[in-house]
Every structure is written in structure tokens, then in C-alpha cells.
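Student: below are the sequence and a predicted model for it; my questions follow.
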Amino acid sequence: MALPPLVEPAAELTKDEVERYSRHLIIPDVGMAGQKRLKNAKVLVVGAGGLGSPALLYLAAAGVGTLGIVEFDEVDASNLQRQIIHGQSDVGRSKAESARDSIKEVNPYVEVRLHQTRLDSSNVLEIFADYDLILDGTDNFATRYLVNDAAVLSGKPYVWGSIFRFEGQASVFWEDAPNGQGLNYRDLYPEPPPPGMVPSCAEGGVLGVLCASIGSIMVNEAIKLITGIGEPILGRLVIYDALEMTYRQVKVRKDPDTPKITELIDYEAFCGTVSDDAQQAAAGNTITALELKEMIDAGKDFALIDVREQNEWDIVNIPGATLIPKDRILSGEVLSELPQDKPIVLHCKSGARSAEALAVLHKAGFADAVHVGGGVLAWVKQVEPDKPTY
């Protein structure tokens with residue numbers, strides 16, 4: 001079902017703007033009125049990363065008059081495989097500033113507002129207040145629930161996307177949508193998955209071009225909402241499989257059991273980065289990369305176990321380690337193979353997965369087991385800086 005336009009038209013388009021957007025203007029469904037609505041629109045994009053990069057570029061090219069960018073991170077070389085708004089010369093720069101400069105190259109008529117801060121419960125409502133529409137390109141559940149709840153409390157629609165390896169998802173959420181169509185992210189995902197259950201893109205990877213596929217869907221939905229054309233995917237979840245080259249849709253309905261959102265909460269605590277068991281296991285049983293190096297140099301007899309996946313091991317590994325992926329430990333299938341006569345030291349990429357595995361070992365009776373805080377990333381940074389990271 002079509003929705004009324006979200007934004008009123010701007011007063012006029014200049015001669016230069018008419019020429020720039022002419023391919024839009026000759027589409028009857030868009031026309032002058034639709035382009036004026038785009039010019040008058042204020043869209044906030046949360047994150048200038050994998051999804052935010054194509055979204056910002058295409059929103060700017062489409063003529064959205066005001067773009068806000070929420071981003072506090074810096075450009076890293078590993079971003080460039082998918083975050084096309086940044087370039088090699090931007091490595092080490094603020095992502096927000098890099099994105100702003102790229103947008104200005106695409107369309108100098110766009111006003112860019114930077115919010116170089118970590119979005120949280122203390123600032124999100126104030127930031128959202130100045131915008132008509134939110135695009136959520138974040139990659140963690142805590143921020144997704146924060147964006148959802150803030151959008152509900154602000155009465156604003158938002159377009160959501162998610163990517164992982166070869167699969168992407170996209171939908172539109174708007175609690176206050178007209179004609180009784182309202183729903184929000186919690187109607188699709190009432191609760192976050194258990195900590196450690198869903199790997200992040202940093203742990204599981206993502207095909208770079210998938211970002212463009214999902215990011216373009218998000219911009220398409222934003223344009224439809226702003227101009228009031230077409231049928232937004234409000235109430236539908238679009239799932240794209242890049243390997244099979246298939247799209248499918250799942251209907252999303254308002255869940256009457258979804259609690260009404262009345263306030264913002266502690267989203268880090270709500271989602272958790274690691275489970276309570278993992279936190280308890282890691283407390284007092286965490287060593288640093290330098291302490292691991294001292295143990296190796298001293299010739300201590302212990303089992304160093306890498307709980308990452310084979311493809312991660314192939315990128316970089318710590319000398320002397322044995323690869324046993326986390327899932328094999330969590331399932332219990334390898335517990336009988338672990339040494340009983342020597343201490344066990346676990347590590348992963350950054351420490352989260354090894355903490356989960358550590359909790360399982362402690363429950364299985366390996367009371368002396370410890371893990372390496374910061375994982376292989378800390379090892380490379382502090383011990384072998386000539387090795388690659390990912």
C-alpha cells in the first residue's frame with residue numbers, strides 16, 4: 001500500500017538543479033514535485049561503513065537536500081574492500097569527514113551535517129529530532145535496537161539493512177505509519193540473539209559488493225517514502241542471496257505481544273557482547289599477549305588453542321597454536337581430546353569467542369584454563385607487528 005509523501009516540496013529547483021536531476025524529472029512518477037520533495041528532505045544515515053557508503057552516495061546523487069552522518073570511527077585499510085565512499089588517501093581520517101568530502105564531489109548542492117559521536121541513549125533523540133527519515137547502516141544489535149526505539153519515540157520512519165557474508169536483508173519500520181500499518185524492529189526481532197551466537201562482519205566477513213546491493217535497496221525505499229511513490233517494504237522483509245542470485249520476501253506483522261516502547265534503555269546490557277558465563281569465566285582468567293609471549297619464551301608447557309576458523313588461521317596465526325574452532329568446543333565434541341596434564345590457553349581474534357569457549361572448559365573441569373585478552377589482534381600489535389591483521 002502506497003504511503004503519503006513524507007516531505008513537503010521545496011519552493012523551487014534552480015536551473016542547475018533541473019539540469020542535474022533531469023533524468024528524474026522526466027519520470028512521471030517523480031517529476032518536479034518529487035524532486036522538490038527530495039531537495040527539501042533531511043535524511044540521517046547512521047554509520048558511514050559498508051551500507052552507509054553506497055547509501056550516502058546515492059542519496060546525494062538523488063538530490064536529497066540535507067544528509068546527516070553519525071560516525072565516530074576512522075578509515076582503516078580493511079574498510080576499503082566495501083566502503084566505497086572512502087579511498088586510500090582517507091586511511092586514518094575521520095570517516096564522517098571523508099564521507100562528507102566524497103558527497104561534495106558527487107553533489108555540491110547537498111548540505112552535509114556531521115555527528116562525530118557514538119550514538120547512545122543520551123544523544124540519539126536530540127540528533128534524530130532534526131531529520132525526516134533515518135537510515136540504519138549499523139552492524140551491531142545494540143545500536144539497531146537503540147535506533148529502533150529512538151525512531152519509535154521520535155515518531156519517525158527508518159530504513160534498515162543488514163549484511164553478512166553473501167546474504168543481505170532490508171526492511172522499513174515505522175511505528176506511526178498511517179492506515180494502521182505501523183510496526184517496528186522489535187516486531188521482527190523481539191530480542192537480540194544470545195551473545196556470541198551471530199558473528200559480526202569483522203568475524204564472519206562480508207562480500208564487498210553485497211553492500212551495494214542492500215544499500216541501493218535502502219536508498220530506493222528512502223526515495224519512495226520521501227516522494228510518496230510506489231509501495232514501500234513496510235511490513236516486508238527482503239532477503240537477498242548473492243550466491244544464488246535470489247530475492248525472497250517474508251511478511252512482517254505487528255506482534256501484539258511486543259511491549260510498548262516508552263523509554264530508552266541500556267542497550268549494551270540488553271544485547272551483551274558476551275554471555276554472563278563468559279564474563280565470569282574471563283574474570284581473573286585473562287592474560288595479555290605479552291604475558292603469553294613470556295610463557296612461550298620461558299619454555300612453559302601448556303596447550304595454546306586457537307578457536308577461530310580455518311580461513312582466519314590462514315591469514316595469521318600465533319606460532320605453536322593448535323586450531324580448534326569454537327563451535328567444536330561449545331558442542332563438547334573435542335573436550336575428551338584436550339590435554340588434562342597441562343594448562344590450556346585459548347585465543348581468538350579479539351577475545352570474545354575465546355571467552356565463550358573458556359566458560360565451557362571451566363564447566364568441563366578445566367579449571368586452570370585461561371584466554372588471551374585482545375586475541376591475535378593484540379598479539380600482532382604487541383609482539384609481531386610485521387604480521388597482517390584483518
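Tutor: Yes, it's here. Numbering: from 1, shown residues only.

Student: sec struct for the residue nearest the centre of the chain, please.
Tutor: Centroid check for the chain by Cα atoms, centre = their mean gives Asp139 as the closest residue, at 1.1 Å. Secondary structure state of Asp139, per DSSP: H, G, I helix; E, B strand; the rest coil, is coil.

Student: list the contacts for the nearest residue to Lys293 once chain neighbours are set aside?
Tutor: Nearest non-adjacent residue to Lys293, counting by Cβ to Cβ, 6 or more residues apart in numbering: Val383, 5.0 Å away. C-betas here are computed from N, CA, C, even on glycine. By Cβ atoms under 8 Å, 6 or more residues apart in numbering, the contact list for Val383 reads 289-290, 292-293.

Student: how near is Val383 to Ile344?
Tutor: 20 Å (Cβ to Cβ, to the nearest Å).

Student: ditto for Asp187
Tutor: 43 Å.

Student: same check, this time on Leu225
Tutor: 53 Å.

Student: cool, and Asp76?
Tutor: Distance from Asp76 to Ile344, by Cβ to Cβ: 32 Å.

Student: helix or strand: which one has Val112?
Tutor: According to DSSP states H and E, Val112 maps onto strand 111-115.

Student: pull up the pairing partners for that strand, direction included.
Tutor: Take DSSP bridges as the rule and strand 111-115 pairs in its sheet with strand 66-70 (parallel).

Student: next, count neighbours for Ala170.
Tutor: Residues within reach of Ala170, counting by other Cβ atoms under 10 Å, total 24.

Student: right, I mislabeled it, should have said Lys260
Tutor: 6.

Student: what helices or strands is the longest helix along the chain leaning on?
Tutor: Counting residues, the longest helix found in the chain (DSSP state H) is helix 208-227. Taking 3 or more Cβ pairs under 8 Å, 6 or more residues apart in numbering; DSSP states H and E as contact, the helices and strands that helix 208-227 lies on are helix 31-40, helix 52-62, strand 133-136, strand 158-164, strand 167-173, strand 236-241.

Student: just how off-centre is whichever helix or strand comes after the strand holding Val112 within its chain?
Tutor: Scanning forward in sequence from strand 111-115 by DSSP H and E, the next helix or strand is helix 124-128. Computed by Cα atoms, centre = their mean, to the nearest Å, the chain-centroid distance of helix 124-128 equals 19 Å.

Student: any residues touching helix 124-128, and which ones?
Tutor: 44, 68, 70, 115, 119, 134, 146-147, 150-151, 153-154, 156, 264.

Student: mean confidence (pLDDT) on the longest helix of the chain, please.
Tutor: Averaging pLDDT along helix 208-227 gives 98.

Student: which of the residues in that helix are buried?
Tutor: Residues of helix 208-227 classed as buried: 210-227 (neighbour count, 16 or more other Cβ atoms under 10 Å).

Student: kindly report the same for stretch 1-11.
Tutor: 3, 5-7, 9-10.

Student: so which one among those residues has the lowest pLDDT?
Tutor: Leu3 (93).

Student: these two touch, right, that one and Gly230?
Tutor: No - if you go by Cβ atoms under 8 Å, Leu3 and Gly230 don't touch, sitting 9.3 Å apart.

Student: just the pLDDT at Ser102, thanks.
Tutor: 98.

Student: in the stretch 201-350 of the chain, where is pLDDT below threshold?
Tutor: For the stretch 201-350 of the chain, no stretch is flagged by pLDDT under 70.

Student: just to revisit the earlier point, now do the contacts for the closest residue to the residue nearest to the centre of the chain other than its chain neighbours.
Tutor: Leaving out its chain neighbours, the residue that sits closest to Asp139 by Cβ to Cβ, 6+ apart is Cys201, at 5.5 Å. Neighbouring residues of Cys201 by Cβ under 8 Å, 6+ apart: 50, 139, 163-164.

Student: could you check how far Cys201 is from Leu210?
Tutor: From Cys201 to Leu210 the distance is 10 Å (Cβ to Cβ).

Student: for the two, list the residues in contact with both.
Tutor: With Cβ under 8 Å, 6+ apart as the test, Cys201 and Leu210 both reach Ile163.

Student: picking that back up, would you confirm that the residue nearest to the centre of the chain contacts Ala48?
Tutor: No - Asp139 is not in contact with Ala48 according to Cβ under 8 Å; the separation is 11.9 Å.

Student: where does Lys260 sit, in terms of helix or strand?
Tutor: Lys260 belongs to no helix or strand, assigned by DSSP H and E.

Student: roughly how far out does stretch 214-234 sit from the chain middle?
Tutor: Using Cα atoms, centre = their mean, the offset of stretch 214-234 from its chain centre is 20 Å.

Student: meant to ask about stretch 53-63, not that
Tutor: On Cα atoms, centre = their mean, the centre of stretch 53-63 falls 18 Å from the chain's centre.

Student: do stretch 183-193 as well
Tutor: The answer for stretch 183-193 is 16 Å, by Cα atoms, centre = their mean.

Student: buried set for it?
Tutor: 183-188, 192.

Student: what number of residues lie near the nearest residue to Leu234 once chain neighbours are set aside?
Tutor: Nearest residue to Leu234, sequence neighbours excluded (Cβ to Cβ, 6+ apart): Val172, at 4.3 Å. Residue neighbour count, defined by other Cβ under 10 Å, stands at 26 for Val172.
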